[in-house]
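Chemist: what follows is a predicted protein model with its sequence.
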Amino acid sequence: MTVNVGVAVVTCRGKVLVGIRPPGSTLAGFAEFPGGKAHEGEDTASCAERECWEETGLRVQAVRKLYSCRLETPEEKEEAGEIHFWLCRLVKQQERFPKPTRPFRWLPLEQLAQEQFPEANQPVLQMLQNGL
């Protein structure tokens, strides 16, 4: 079975929404963007929007796909698939920086290099640092 993952890369005024993977999870302690597995019949843009809402409490809209790659699984028993990174914008910007739920926070773009992200994120991080 193929698994597709939608990831929301949410930017706002020179900052990006970043979280830390919890203890006990795959890649625990690594930085991450909000995202997760798409439901059956769900496209990855809608998945990224839904996952961002579920994980951070922030409503976003997918603007354009930034990057896709094969999903590398640490164990062979897991399903193969693809990960799709979507540039997203906040639907409502009533506050300067709406407060996301923990463990997500707004991180200045220049601080991204100080975080440890999974390898699949590297092309997206490069795009962010180069101004997309």
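Modeler: That came through, no problem. Bear in mind the structure is a predicted one, so any value in this text is a computation, not a measurement.
Chemist: show me the shaky parts of this structure.
Modeler: In the predicted model, the chain carries pLDDT under 70 at residues 1, 72-79, 93-97.
Chemist: pick out the residue closest to the middle of it.
Modeler: For the chain, the residue sitting closest to the mean C-alpha position, by C-alpha atoms, centre = their mean, is residue 33 at 2.7 Å.
Chemist: which residues touch it?
Modeler: 7, 8, 9, 10, 16, 17, 18, 19, 85, 121, 124 (C-beta atoms under 8 Å, 6 or more residues apart in numbering). (Each C-beta comes from the backbone N, C-alpha and C, glycine too.)
Chemist: for the fourth one, which non-adjacent residue is closest in space?
Modeler: The reference is to residue 10. Nearest residue to residue 10, sequence neighbours excluded (C-beta to C-beta, 6 or more residues apart in numbering): residue 17, at 4.0 Å.
Chemist: and for that neighbour, the neighbour number?
Modeler: When counting by other C-beta atoms under 10 Å, one arrives at 26 neighbours for residue 17.
Chemist: now do the SS call for it.
Modeler: strand (DSSP: H, G, I helix; E, B strand; the rest coil).
Chemist: show me what contacts it?
Modeler: Counted by C-beta under 8 Å, 6+ apart, residue 17 has contacts 8-11, 33-34, 52, 56, 58, 100, 104-107.
Chemist: likewise residue 101?
Modeler: When contacts are counted by C-beta under 8 Å, 6+ apart, residue 101 touches 55, 56, 57.
Chemist: most surrounded residue in the residues you listed?
Modeler: Neighbour counts for the contacts of residue 101 (other C-beta under 10 Å) peak at residue 56, which has 22 neighbours.
Chemist: that older thread, could you dump the contacts of residue 101 to TSV with secondary structure and distance to residue 63?
Modeler: Listed next are the contacts of residue 101 as TSV, based on DSSP: H, G, I helix; E, B strand; the rest coil; distance: C-beta to C-beta, whole Å:
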residue	secondary structure	distance to residue 63
55	helix	19
56	helix	17
57	coil	20
